[in-house]
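# Mind folding the following:
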Amino acid sequence: MKTVSPAELKQMMDAHEDFQLIDVREPWEVEEVSLGGLNIPMGDALQRADQEISRDKKVVVHCKAGMRSASVIQALEQKMGYTNLYNLQGGIVAYLNS
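The predicted structure follows:
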């Protein structure tokens, strides 16, 4: 699985790179703290992927600590053939503490 470190994500955001950020946490978690990405809760990811998750640019997927996002990426790669997904190492917790 491809990954992005918190420092790499910060650089991408600061440079205004063309990528998509997907947050797979539950809406109540996003209300507490958010990096500004599109919220697609883990349980909705497969159903919403074709309409909402890009296939033609880098997509960084994150959750709280990196486990749920890794599961979502694995499912999207295996079941839907995505090849452009990156997991945020350590999730939003690592990003906020970096």
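# Could you pull out the strands in this structure for me?
Taking DSSP state E as the test, the strands found in the chain are 3-4, 20-23, 38-39, 59-62, 85-88.
# In JSON lines: the ones you listed, plus mean neighbour count, mean pLDDT and distance to residue 32.
Placement of C-beta: from N, CA and C, glycine included. Below are those laid out as JSON lines (neighbours: other Cβ atoms under 10 Å; pLDDT from 0 to 100; distance: least, Cβ to Cβ, whole Å):
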{"stretch": "strand 3-4", "mean neighbour count": "18", "mean pLDDT": "98", "distance to residue 32": "22"}
{"stretch": "strand 20-23", "mean neighbour count": "22", "mean pLDDT": "98", "distance to residue 32": "12"}
{"stretch": "strand 38-39", "mean neighbour count": "14", "mean pLDDT": "98", "distance to residue 32": "12"}
{"stretch": "strand 59-62", "mean neighbour count": "26", "mean pLDDT": "98", "distance to residue 32": "14"}
{"stretch": "strand 85-88", "mean neighbour count": "24", "mean pLDDT": "98", "distance to residue 32": "17"}
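# gap between the two ends of stretch 58-69?
End-to-end distance for stretch 58-69: 15 Å, by Cα to Cα, to the nearest Å.
# roughly how far out does that stretch sit from the chain middle?
Computed by Cα atoms, centre = their mean, to the nearest Å, the chain-centroid distance of stretch 58-69 equals 4 Å.
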